[in-house]
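> 3D model of this:
(3 chains)
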Amino acid sequence: MRLTTAFDGIEAGIIIDEAEAYGGSDDPASHAYRGRTARNASMFEGAGTLYVYRIYGIHWCANIVTGPEGEPSAVLIRGGVPAIGRDAMIQRRGSAGHLSDGPGKVCQALGITGVADGTSVVGGPVRLAAPTKRLPIQIQESPRIGISRGTSRRWRFVARNVDGSSLALT
DNA sequence: CACCTGATTGCCT
DNA sequence: GGCAATCAGGTGA
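Below you'll find the model as predicted:
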């Protein structure tokens, strides 16, 4: 899927190639594990809601809510391949390399901040859209990264070419 | 109210 | 491979 943004009249977008799933009260690694708080309120909204939070006091991370209202679950967008608005992404990131290979980098490159928290990915400033064409890929599953609880779940998903190489636009 | 830690990144050796 | 940056949410007294 593509993740596109339109902030200040600037369009940018990536092809998502890395993501992680997070649940609710059954998932100790989830922000919603201990119930609803001011920060994770968006996770309790309906599917298609954007959940944006600040991490380490520095970076933003973006999730797309997947469950019905009241049942928190979301997918963290961990990485993607720059597809449109590459120049804008380079300007926001400050350099040309590693534009969107990490959750914090994805948000910085696409201009996603806390102001987009709670918005819909259908018709909002941040949108989830179908790919323009379906590429031959495989999905690799592995444990989630950067967490200290719930590590046994293999809920990290990385899209790769059929030969195992990283996705890249050709 | 004090303390701790994190769904990360980038620079240093 | 190691570690600092930087701060709000969450926890416990």
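
> can we go C-alpha only for contacts and neighbour counts from here?
Noted.

> give me every residue that touches residue A:74.
Counting by CA atoms under 8 Å, 6 or more residues apart in numbering, residue A:74 makes contact with A:21, A:22, A:23, A:43, A:51, A:63, A:64, A:65, A:66, A:67.

> which parts of chain A sit against DNA strand B?
A:22, A:29-32, A:55-59, A:61-63, A:74-76, A:78, A:93, A:98, A:101-106, A:145-148 (CA under 7 Å from any atom of the strand).

> which element is residue A:6 on?
strand A:2-7 (DSSP states H and E).

> Counting only strands, which of the residues of chain A next to DNA strand B make the cut?
A:22, A:55, A:59, A:61, A:62, A:63, A:74, A:75, A:76, A:78 (DSSP state E).

> Which among those residues count as buried?
A:22, A:61, A:62, A:63, A:74, A:75, A:76, A:78 (16 or more other CA atoms under 10 Å).

> Name the nearest of these relative to DNA strand C.
residue A:61 (13.2 Å; CA to the nearest atom of the strand).

> I'd say the closest one and residue A:50 touch.
No. Assessed by CA atoms under 8 Å, residue A:61 is found out of contact with residue A:50, at 10.3 Å.

> The residue nearest to residue A:147 when sequence neighbours are not counted and residue A:18: what is the separation?
In this structure, residue A:147 finds its nearest non-sequential neighbour in residue A:29, 6.5 Å apart by CA to CA, 6 or more residues apart in numbering. For residue A:29, the distance to residue A:18 equals 18 Å [CA to CA, to the nearest Å].

> Check residue A:56 too.
For residue A:56, the distance to residue A:18 - CA to CA - is 21 Å.

> Looking at these two, which is more packed in?
Taking other CA atoms under 10 Å, residue A:56 and residue A:18 do not tie; residue A:18 has more neighbours (22 against 6).

> Assess the claim that that one and residue A:77 are in contact.
Yes. Using CA under 8 Å, residue A:18 is in contact with residue A:77, at 6.5 Å.

> just so I have it, where are all the helices in chain A?
For chain A, helices defined by DSSP state H occupy the ranges A:86-93, A:103-110.

> So what touches the first one?
By CA under 8 Å, 6+ apart, the residues outside helix A:86-93 that reach it are A:10, A:11, A:12, A:96, A:97, A:99, A:105, A:108, A:109, A:110, A:111.

> Kindly tell me how buried the closest residue to residue A:96 other than its chain neighbours is, as a neighbour count.
Counting by CA to CA, 6+ apart, residue A:96 lies nearest to residue A:90, which is 5.2 Å off, once chain neighbours are set aside. Neighbourhood size, residue A:90 [other CA under 10 Å]: 19.

> And for residue A:165?
10.

> The strand holding residue A:6: how far from the chain's middle?
Distance of strand A:2-7 from its chain centroid, counting by CA atoms, centre = their mean, to the nearest Å, is 11 Å.
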